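Q: how does the following fold in three dimensions:
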Amino acid sequence: MLIWLKAICFVVHGKRGISTLELQSELGMKSYGTTWAILHKIREALRQRDEQYKLKDIIELDGAVFGKRHTGNQTEVLVAIETKSWIDEKGRRKSKAGFAKIMVANETKKEAQEFADKAIEKNSMVNTDGSPSLIHLKNLDVDYQVVGSNQEILDHWLPWVHKFISNAKSWIAGTHHGVESKYLGQYLAEYTYRFNRRHDPESLFFRALGACVHATPQTQHRLFG
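A: Alright, predicted model coming up:
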């Protein structure tokens, strides 16, 4: 039990998480495979917990590609993130990123609609780019701009979703030195869980512990392929 508590603590504390090799060393475990399995089960629990929430109000939505084509390990994902706005005491409009949701899926109309139905509350306002797969989503109020590669327009129209994607890619490359496509969803679930609770670090461990306790058990094949 102590090993699990330590593992959860290492996973949720610190922006960069922890790699399997690092955790193996910290826990003094002999088996890399057993350590990796522990991490994967924790990630699955965090994924299940975040599935209970839907995004609402104003949402940024976009697709992204993780991995490199020449390695044959390239994966498409869809990312949605709330924009929270308010007026400060000086009358200035401020904004920040709210909760995020992510799904390993191709940027097609069918999979984008499936993602929207699962991740976003009906009648929310969705801002996206000019992708034909994203601009005609049902049950949502969609607005879009064709941003191309213009960084200034990109930063103004979809600032939070692109920052989230960029930071997630840096985390995958820096902490884990790349991830196999079939496991990417679990790794991104860990990253998203920490991101969604970044403003309440004091309770992060206890929330993650609760997520692990209440997670629905999964078969070995479901978790590890």
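
Q: elements contacting whichever strand or helix holds Val213?
A: Applying DSSP states H and E as the criterion places Val213 in helix 204-214. With contacts defined as 3 or more Cβ pairs under 8 Å, 6 or more residues apart in numbering; DSSP states H and E, helix 204-214 has these neighbours: helix 2-12, helix 32-50, helix 184-196. All C-beta spots, glycine's among them, are computed from the backbone N, C-alpha and C.

Q: flag the shaky bits of this protein, pLDDT-wise.
A: 86, 225 (pLDDT under 70).

Q: who's in contact with the most centrally placed residue in it?
A: Residue closest to the mean C-alpha point of the chain, counted by Cα atoms, centre = their mean, is Thr192 at 3.3 Å. Residues in contact with Thr192, defined by Cβ atoms under 8 Å, 6 or more residues apart in numbering, are 50, 100-102.

Q: so how far is Met103 from it?
A: 10 Å (Cβ to Cβ, to the nearest Å).

Q: do you know which of the helices and strands packed on helix 204-214 lies nearest Lys68?
A: helix 184-196 (12.9 Å; Cβ to Cβ).

Q: extract the C-alpha trace of the closest one and format it as PDB.
A: The C-alpha coordinates for helix 184-196 follow below in PDB (Å, rounded to 0.1, in the frame of the first residue of the first chain):
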ATOM      1  CA  LEU A 184      -0.700   8.200 -25.600                       C
ATOM      2  CA  GLY A 185      -4.300   8.600 -24.300                       C
ATOM      3  CA  GLN A 186      -3.300   7.400 -20.800                       C
ATOM      4  CA  TYR A 187      -0.300   9.700 -20.600                       C
ATOM      5  CA  LEU A 188      -2.300  12.700 -21.700                       C
ATOM      6  CA  ALA A 189      -5.000  11.800 -19.200                       C
ATOM      7  CA  GLU A 190      -2.300  12.200 -16.500                       C
ATOM      8  CA  TYR A 191      -1.200  15.500 -17.900                       C
ATOM      9  CA  THR A 192      -4.800  16.800 -18.200                       C
ATOM     10  CA  TYR A 193      -5.700  15.700 -14.700                       C
ATOM     11  CA  ARG A 194      -2.800  17.800 -13.200                       C
ATOM     12  CA  PHE A 195      -3.600  20.700 -15.500                       C
ATOM     13  CA  ASN A 196      -7.300  20.800 -14.400                       C
END
